[in-house]
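K.L.:
With the input below, show me the fold.
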Amino acid sequence: MKCRPATARRSFVQQIFLLSSVAFLSVSAALPVQAAEEIEVGITPPAVGAGPFQYDTAEQHDIRVDILARGLAHGFTVAFLPNRDALIVERGVRLRLLRNATGPRPELVSAPIAGVPDFSNVEHAVPDDMLGLQDVALHPDFLKNQVVYFTYNRPAGFDAGSGRLFVTTVLARARLLDMRLVDAKDVWVGEAVQGAGGSRILVTKDGMVYVGVGGLSRGDIDASQRTDNIYGKVLRVDADGKIPQDNPFVKVAGARREIYTLGHRDVLGLAVDPRSGAIIASEHGPQGGDEINHILPGRNYGWPRFTYGTEYGGSPLPTKPVGPDTEPPLTIWTPGIAPSGIAFYNADKVPAWRNNLFIASARRGQINGTGALIRVVLNEKLQEMRQEILLDGLRQRFKDVREGPDGLLYALTDESDSLLLRISPAPTGSR
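P.N.:
Below you'll find the model as predicted:
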């Protein structure tokens, strides 16, 4: 669907998907542990104009989309500060500040925030090493202590045999003073591996810090099933970085005591359901098999032994996508949607969307240029009732979505010229 400026609005009905009824009953074996190389195909995205844009959507008719910032390099995260400025992660590269992010004229500060780990000149690095800054989130008492958490991947040696770096994923904390991170300290450090991926942080109201850490993309992929490492896990520490004594593997010999759940492929979104308090995660599958999961302590989510997905190069559908003692997903997608950041809408500015789950989707069905926001309506048991695709006409790779402190929805894209968007009800009479 194409976007038109608000001055020349085009109405359309966006597709509503009842994917939860899709059957996956006639399927064959679990994936081999090593996926085939993916071939990139897609649609060249058109240049996105200045906006604003206006759309008709299924349950909230007439929404307006404003571009707040552009020219960002591969956006990954937007995190709002108490003063309504916002931090924006340019993945692997920089941390940026958007002043007055919720106001009428936001200003992207040209200089990045200093003190962020920089590995841009590391010898032997390749893009798949995923070095540098990944995610950022605020401490529960940020107003008092100015503490932020951030995850990053850093080099941990070179393997001459494979010609690849060893990399470790780290959760750190620092104080944000003016335009600099100071007093940085590692909270936990992962094992040195090849094939490390992304990570996502969630800080909950009870002061717990959850981090989804991606499974390995090469080599020891079955590490997701073991508790002697952090990869393919959701980890939990308290706000001070200490390990809660009710973590499920605290008393297991040889286990990483931070582990909360295991058996994940790539947890790139974490959010709290406002009705139940349940922790919900988006999980990026292989080819298809993308999931929304309810994160429960000590549970195993199956990867790589059980999945709804297939190999990138094609493979039989799995006959047993959910194994014994494996937690099933709440919702799945085939074709895949490449899910990343997620957010529940819990404000009053767009009442038709209250308690809906929004998912940043980078693409659909392995076709580049097909990204969107996905809106999922869940009942009180977290069972899917319906879906809607939003903003697919922009043809952007969506990477994060957040509810702002003003009660509006914000979305960040992942492009060489990334955009930060604000989504709000269109003014009355703007048709």
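K.L.:
Next up, the contacts around residue 146.
P.N.:
Under the criterion of C-beta atoms under 8 Å, 6 or more residues apart in numbering, the contact list for residue 146 reads 175, 176, 177. Every C-beta, even on glycine, is put in place using the N, C-alpha and C of the backbone.
K.L.:
and those residues, which of them are in strands?
P.N.:
Secondary structure assignment by DSSP state E places 175, 176, 177 of the contacts of residue 146 in strands.
K.L.:
What sits closest to the last one if chain neighbours are left out?
P.N.:
Of all residues not flanking residue 177 in the chain, residue 146 sits nearest, at 6.3 Å (C-beta to C-beta, 6 or more residues apart in numbering).
K.L.:
Just the pLDDT at that neighbour, thanks.
P.N.:
At residue 146, the pLDDT value in this model is 98.
K.L.:
which stretches of this protein have low pLDDT?
P.N.:
When residues are selected by pLDDT under 70, those of the chain lie in 1-38, 429-431.
K.L.:
would you list every one of the helices in it?
P.N.:
142-145 (DSSP state H).
K.L.:
Now render the contacts of residue 146 as JSON lines, adding neighbour count and distance to residue 357.
P.N.:
Listed next are the contacts of residue 146 as JSON lines, based on neighbours: other C-beta atoms under 10 Å; distance: C-beta to C-beta, whole Å:
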{"residue": "175", "neighbour count": "16", "distance to residue 357": "33"}
{"residue": "176", "neighbour count": "23", "distance to residue 357": "29"}
{"residue": "177", "neighbour count": "11", "distance to residue 357": "35"}
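K.L.:
As a markdown table, those residues with distance to residue 119 would be great.
P.N.:
Output for those, formatted as a markdown table (distance: C-beta to C-beta, whole Å):
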| residue | distance to residue 119 |
| --- | --- |
| 175 | 22 |
| 176 | 21 |
| 177 | 23 |
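K.L.:
Of the residues you listed, which is the nearest to residue 358?
P.N.:
Ranked by distance to residue 358 (C-beta to C-beta), the contacts of residue 146 are led by residue 176 at 26.5 Å.
K.L.:
these two touch, right, residue 426 and residue 63?
P.N.:
Yes. Here residue 426 reaches residue 63: they are 5.9 Å apart, a contact under C-beta atoms under 8 Å.
K.L.:
Could you tell me which residues touch both of those two?
P.N.:
Applying C-beta under 8 Å, 6+ apart, one finds that residue 426 and residue 63 are jointly contacted by residue 54.
K.L.:
which residues does residue 67 contact?
P.N.:
Shown here is residue 67, whose contacts under the criterion C-beta under 8 Å, 6+ apart are 48, 50, 51, 52, 419, 420, 421.
K.L.:
if you set the cut-off to 6 Å instead, what comes out?
P.N.:
51, 419 (C-beta atoms under 6 Å, 6 or more residues apart in numbering).
K.L.:
just the one 4 residues further on next, same as before
P.N.:
Residues touching residue 71, when contacts are defined by C-beta under 6 Å, 6+ apart, comprise residue 417.
K.L.:
how near is it to residue 381?
P.N.:
Applying C-beta to C-beta, to the nearest Å, the value for residue 71 to residue 381 is 43 Å.
K.L.:
And for residue 239?
P.N.:
Separation of residue 239 from residue 381 (C-beta to C-beta): 30 Å.
K.L.:
Just want to know which of those two has more residues nearby.
P.N.:
For the pair residue 239 and residue 381, the greater number of neighbours falls to residue 239 (18 against 7), based on other C-beta atoms under 10 Å.
K.L.:
Which parts of the stretch 51-200 of the chain are strands?
P.N.:
In the stretch 51-200 of the chain, the strands defined using DSSP state E, counting those that start in this stretch lie at 53-55, 63-72, 75-80, 86-90, 94-99, 107-108, 132-138, 147-159, 164-177, 180-189, 199-203.
K.L.:
The nearest residue to residue 372 once chain neighbours are set aside: neighbour count?
P.N.:
In space, and not counting its chain neighbours, residue 372 is closest to residue 392: 3.8 Å by C-beta to C-beta, 6+ apart. Residues lying near residue 392 (other C-beta under 10 Å) number 21.
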